[in-house]
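K.L.:
model the structure of this input:
(4 chains)
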Amino acid sequence: MAEHLGLSDAIFRYVQDGDTVALEGFTHLIPFAAGHEIIRQQKRNLTVSRMTPDLIYDQLIGAGCVRKLLFSWGGNPGVGSLYRFRDAVENGWPAPIELEEHSHAGLTNRYVAGASGMPFTVMKGYLGTSLGEIAPHVRFLDCPFTGEPVAAVRALNPDTGILHAQRADRAGNVQVWGISGVFREVVMASRQVVVTVEEVVDVLERRPGDFVIPSMAVTAVCEVPGGAWPSYVQDHYERDNDWYRKWPEVSRDRDVFSAWLDESVMGA
Amino acid sequence: MAEHLGLSDAIFRYVQDGDTVALEGFTHLIPFAAGHEIIRQQKRNLTVSRMTPDLIYDQLIGAGCVRKLLFSWGGNPGVGSLYRFRDAVENGWPAPIELEEHSHAGLTNRYVAGASGMPFTVMKGYLGTSLGEIAPHVRFLDCPFTGEPVAAVRALNPDTGILHAQRADRAGNVQVWGISGVFREVVMASRQVVVTVEEVVDVLERRPGDFVIPSMAVTAVCEVPGGAWPSYVQDHYERDNDWYRKWPEVSRDRDVFSAWLDESVMGA
Amino acid sequence: MPVWTADEIMSVVGARLLRDGMSCFVGIGIPSTVANLARNTHAPNLFLIYEAGPLGAKPYRLPLSIGDGELAETADSVVSVPEVFNYWLQGGHIDVGYLSAAQIDRFGNLNTTVIGPDYNQPKVRLPGAGGAPEIAAHCREVTVIMRHAKRAFVPQVDFVTSVGLGPAPDTRSRPGFRGAGPINVITDLGVLKPDPHDSELTLVAVHPGVEVQDVWDRTQWPLRVATRLEVTDAPTSEELAALRDLKSRS
Amino acid sequence: MPVWTADEIMSVVGARLLRDGMSCFVGIGIPSTVANLARNTHAPNLFLIYEAGPLGAKPYRLPLSIGDGELAETADSVVSVPEVFNYWLQGGHIDVGYLSAAQIDRFGNLNTTVIGPDYNQPKVRLPGAGGAPEIAAHCREVTVIMRHAKRAFVPQVDFVTSVGLGPAPDTRSRPGFRGAGPINVITDLGVLKPDPHDSELTLVAVHPGVEVQDVWDRTQWPLRVATRLEVTDAPTSEELAALRDLKSRS
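P.N.:
Numbers count the residues shown, from 1 in each chain, chains lettered A, B, ... in the order given. As a prediction, this is how the structure comes out:
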């Protein structure tokens, strides 16, 4: 059963140095506020997983929280590069990071296997690619029925999955609608689940295209209005595309980035 | 893109003698009218797949349409036996049928693998059971990462998936809500998909808990109000529990069953 | 003094094992009665999952079938069958499952498939596995509820539909099942639990008025009896009233 | 006489390849422009799938990001990312996919991962794979759209992110990919297609005003030229108007 907590309490309790954490949300519902709280609490040596690192992991990497990054597409969508990510990979600043790189389908299926309580699952992918040679949690098998080669991808079970949603009720049931990405899979695969929400309500009025995650599968719910900005929350606020377009200006230079971080995250 | 067809045309075109067909619907939305049309058109040597054969396959078996049955729970829920199924298995009447028997999870995952375009998928099951010894499309593998044993179940890709839903629009998009079982998986796994619906409407008003199957994934839509009776259609009609309770009376005896079939299905 | 039927004593004793807030995978028949009795009495926050997809169902009437409309309409959420089996059950989110069977053996293996030695020429063709093998494998614990009939309590089941606790010591660890298996067997005569040393089912309690000899008479193997055999607390009039109220609605 | 930019000629030529009723897996940038241009002109029933989950999206404005709200709001249905990749794409339901890359080689292999010979010490770190490897593997056919820059058209890519058509004849059949792979490469100079005999990319058309030498100058291998080299039809004023209208909204 989910407990209602303040964001700083939830991050303090459920993210420890060295943990594997997944802050997911596919363009929609990216848990920026929770990411900033991780930065403020100066968590270190995290293994962080996200299909699209996006600005949130660019910030975590630049702030020195990350030891290892699992990802499948590391750009600023429609804009260009993630400069803090590139600076860490290309120049080891502020510290070298280890990469575990997948295709979207591959990382998705690592979550699917984790959610399914299986040690692995199978897919048609990685075969013939250079990714198949470098990805550490991919092996190749032959189908026991047809002999066809398939890729086995290892289950990923984060210590803590961190997500943002539209609403929760007092009992901790969580309601989501719109693009949901791997929301369900991260909830089911993670040992602990922290969900920030736009609002806590008495009754979750169901609506088209929504789903509800029962409280039973959630560890902590934190009411954080605006917690996904500058990404968006359907029926609450739009994606701040201007801020995404402006991010290169903030992040390209180490000093400019560090000043922004001090002022806008650490000082917030 | 789905074509709107009459039920008899759809069954005539998309079910051939010897085909593998899946008429699914988990208690809810069982496509009885389509099953009766298969009986009227005297299709033969079908391989039929359903998690719960229910009355619909009891009828198809008793009518002599079935050569092989894939299933995972063959009872009359809350009532008792399926007598036509038992008579075929125990006494070969009206003809012997071959069984391929699974657990719910196993047959579900055969559909999941089929929907995923994979030759198989993996699960924790069958291990240690007698089912694992008799099921022909189950093999055991060791996880390439941990060495744990897992079961591989082979993909099932029916020639035709047949389903019932609440609504479709003129373009053939199909809307479903309530208990959906393996609806999506059968749609995605089948070479051809026939959906009977309660009503065809101009616009699918979305509603809580629903999903829409795009027309692109459907072959034929048939407007058949009441087409799931005596099972139920949420927000249209209730399950006819009295008829389920009465079914043993109709089906226990071969002659009584045959008379019922002639009058209520063949003569309808 | 209250009197009760076989189904009533099984339901009441079964319901007492459920603690509030547990997640419970519910089959039709007595399991559904047991879970809803507990929910209507001491465990109002019991989280019921039916295999058809309803999560957090709160039926007012007992359903006839596993997919009845009321289950979906009262649920917190309705998910697909693959999600139920792969994510919720295999994923390890369920505390307790209830099972019944046509045969149970001395190690809690269950048969719901065929009676007779030859699968292809069965004496009786039963409904089959359904969700039982995965409930037996993946729930943190399993309670078996069935009438104590002599033809049902056999030394070794004809067909292992759902895996119990033995005879081999690695019966559950070899396939990597995460659940503890059938740690309670409730019948209309008493309660059996596995011996901690070798997992053989042992009679640990009889219901009021039942003698050990009655249990032996209806068990095909020499059933062990616990040194300190308990007597089940009789169903209270509150328990029976709640149960009969629930049944009368259905 | 109309004039056009590099992106405009690529978008127009790309859109012409789409037939009404096709299902199209759409990435951000030019692929999204191409698909929506076709939808706004000759292919109103084009079925667009974005990797974030929208099925049948009908955006009025071009999205900046793959998961923009308008995609979900205008879609027939929004599904999870596992469903997109496992059921829709790997399941074989998509007719055509559009890809771009930082490098392409003579057999249509694509690199969007790293520039330089050492993965661990890259000269340039690119965004990575995203949905590209599965689009390349599973769509019935793939169209690559990218600017014809010399640094991009290389004999052999530094890193195979997405599998093309060779050099080995079993490059696609050995892994069992069901799609035909990159059968069209559209650049701002012309159109390349694989040679039917050995799958090497061959220049089959140049855009109006482009000479073969211009293409050779920007290709790092000795590019084959088809015996009957075509000249692309110039973008019509209707095509350019539709394209500019679409861009002006976004």
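K.L.:
select the longest helix from chain C.
P.N.:
In chain C, assigned by DSSP state H, the helix with the most residues is helix C:237-249.
K.L.:
which residues are contacting it?
P.N.:
If you take Cβ atoms under 8 Å, 6 or more residues apart in numbering or on different chains as the criterion, helix C:237-249 is touched by C:2, C:4, C:8, C:11-12, C:15, C:33, C:36-37, C:40-41, C:60-62, C:235. The way it works is simple: take the backbone N, C-alpha and C, and place the C-beta from them, glycine included.
K.L.:
what residues sit buried inside that helix?
P.N.:
By neighbour count with 16 or more other Cβ atoms under 10 Å in any protein chain shown, helix C:237-249 contains the buried residues C:239-240, C:242-243, C:246-247.
K.L.:
need the residues you listed in TSV (columns: pLDDT and distance to residue B:3).
P.N.:
TSV is the format used below for these (pLDDT from 0 to 100; distance: Cβ to Cβ, whole Å):
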residue	pLDDT	distance to residue B:3
C:239	95	58
C:240	95	59
C:242	95	54
C:243	96	53
C:246	92	49
C:247	91	49
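K.L.:
ok, and the closest non-adjacent residue to residue 225?
P.N.:
No chain in the question, so chain A it is. Using Cβ to Cβ, 6 or more residues apart in numbering or on different chains and skipping the chain neighbours, the partner closest in space to residue A:225 is residue A:198 (5.4 Å).
K.L.:
nope, chain C please
P.N.:
Leaving aside its chain neighbours, residue C:225 sits nearest to residue C:203 (4.7 Å; criterion: Cβ to Cβ, 6+ apart).
K.L.:
that neighbour against residue C:227, yeah?
P.N.:
No. Using Cβ atoms under 8 Å, residue C:203 is not in contact with residue C:227, being 11.1 Å away.
K.L.:
if we look at the helix or strand bottoming out on mean pLDDT in chain C, which residues are touching it?
P.N.:
Ranking every helix and strand in chain C by mean pLDDT, DSSP states H and E puts helix C:69-74 at the bottom, with a mean of 84. For helix C:69-74, the external contacting residues (Cβ under 8 Å, 6+ apart) are B:28, B:178-179, B:232, B:234, B:238-239, C:50, C:52-54, C:57-61, C:63, C:78.
K.L.:
can I get it in PDB? Just the C-alpha atoms.
P.N.:
Extracted C-alpha coordinates of helix C:69-74, given in PDB (Å, rounded to 0.1, in the frame of the first residue of the first chain):
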ATOM      1  CA  GLY C  69     -19.500  -8.200 -15.100                       C
ATOM      2  CA  GLU C  70     -19.800  -7.200 -11.500                       C
ATOM      3  CA  LEU C  71     -16.100  -8.000 -11.000                       C
ATOM      4  CA  ALA C  72     -15.000  -5.600 -13.700                       C
ATOM      5  CA  GLU C  73     -17.500  -2.900 -12.600                       C
ATOM      6  CA  THR C  74     -16.300  -2.900  -9.000                       C
END
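K.L.:
whatever helix or strand comes next after it: how far from the chain's middle?
P.N.:
Using DSSP states H and E, the next helix or strand after helix C:69-74 towards the C-terminus is strand C:77-78. Centroid displacement of strand C:77-78 relative to its chain, using Cα atoms, centre = their mean, to the nearest Å, is 24 Å.
K.L.:
quick one on the thing from earlier: now do the same contact list for the residue nearest to residue C:225.
P.N.:
Residue C:203 neighbours (Cβ under 8 Å, 6+ apart): C:190-192, C:212, C:215, C:223-226, C:229.
K.L.:
7 Å instead, please
P.N.:
By Cβ atoms under 7 Å, 6 or more residues apart in numbering or on different chains, the contact set of residue C:203 is C:190, C:192, C:212, C:215, C:223-226, C:229.
K.L.:
and it, how far is that from residue B:72?
P.N.:
Using Cβ to Cβ, to the nearest Å, we find residue C:203 at a distance of 33 Å from residue B:72.
K.L.:
tell me which element the closest residue to residue A:208 other than its chain neighbours is part of?
P.N.:
Distances taken as Cβ to Cβ, 6+ apart place residue B:206 nearest to residue A:208, at 3.5 Å, with adjacent residues excluded. Assessed by DSSP H and E, residue B:206 sits outside every helix and strand.
K.L.:
report pLDDT for residue B:206.
P.N.:
Model confidence at residue B:206, given as pLDDT, is 93.
K.L.:
so who does the residue in chain C positioned nearest to chain B touch?
P.N.:
The nearest approach of chain C to chain B comes at residue C:67, 2.5 Å away (Cβ to the nearest Cβ). Residues near residue C:67 by Cβ under 7 Å, 6+ apart: B:26-28, B:179, C:52.
K.L.:
how about the nearest residue to it, chain neighbours excluded?
P.N.:
residue B:27 (2.5 Å).
K.L.:
what is the burial count for the one you found?
P.N.:
Neighbours of residue B:27 under the rule other Cβ atoms under 10 Å in any protein chain shown: 28.
K.L.:
what residues does it make contact with?
P.N.:
B:77, B:179, B:231, C:52, C:65-68.
K.L.:
for the residues you listed, give me TSV that also has pLDDT and distance to residue C:158.
P.N.:
As requested, the contacts of residue B:27 are arranged in TSV below (pLDDT from 0 to 100; distance: Cβ to Cβ, whole Å):
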residue	pLDDT	distance to residue C:158
B:77	88	24
B:179	95	33
B:231	96	32
C:52	93	29
C:65	75	27
C:66	70	25
C:67	71	29
C:68	75	32
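K.L.:
among those, who's most crowded?
P.N.:
Counting neighbours by other Cβ under 10 Å, the top entry in the contacts of residue B:27 is residue C:52, with 31 neighbours.
K.L.:
verify the contact between it and residue B:25 for me.
P.N.:
No. The criterion here is Cβ atoms under 7 Å, and residue C:52 misses it with residue B:25 at 10.4 Å.
K.L.:
so what sits against both of the two?
P.N.:
Common neighbours of residue C:52 and residue B:25, counting by Cβ under 7 Å, 6+ apart, are residue B:181.
K.L.:
re the thing from before, ok, now how distant is the residue nearest to residue C:67 from residue C:28?
P.N.:
10 Å.
K.L.:
likewise for residue A:153?
P.N.:
37 Å.
K.L.:
neighbour count for the two, which is higher?
P.N.:
With neighbours defined as other Cβ under 10 Å, residue A:153 and residue C:28 compare such that residue A:153 has more, 28 against 23.
K.L.:
partners of the helix or strand harbouring the more buried one, with directions?
P.N.:
Element membership of residue A:153, judged by DSSP H and E, is strand A:149-154. Each strand paired with strand A:149-154, and its direction, by DSSP bridges: strand A:120-123 (antiparallel), strand A:138-142 (antiparallel).
K.L.:
after the shortest one, which helix or strand is next?
P.N.:
So that's strand A:120-123. Next element after strand A:120-123 (DSSP H and E): helix A:131-134.
K.L.:
what sits against residue A:97?
P.N.:
Counting by Cβ under 7 Å, 6+ apart, residue A:97 touches A:61, A:66-69, A:88-89.
K.L.:
before we move on, the earlier item: can you pick the most crowded of the contacts of residue C:203?
P.N.:
residue C:192 (29 neighbours).
K.L.:
give me the below-cutoff pLDDT ranges for chain C.
P.N.:
Flagging of chain C using pLDDT under 70 yields the residue ranges C:1-2.
K.L.:
can you work out which other helices and strands pack against the top strand by length along chain C?
P.N.:
In chain C, with assignment by DSSP state E, the single longest strand is strand C:224-231. In this structure, strand C:224-231 makes packing contacts with strand C:201-206, judged by 3 or more Cβ pairs under 7 Å, 6 or more residues apart in numbering or on different chains; DSSP states H and E.
K.L.:
can you report how many residues lie near the spatially closest residue to residue C:62 that is not a sequence neighbour?
P.N.:
Once flanking residues are discounted, residue C:62 sits nearest to residue C:250: 3.8 Å by Cβ to Cβ, 6+ apart. Per other Cβ under 10 Å, the neighbour tally for residue C:250 reads 13.
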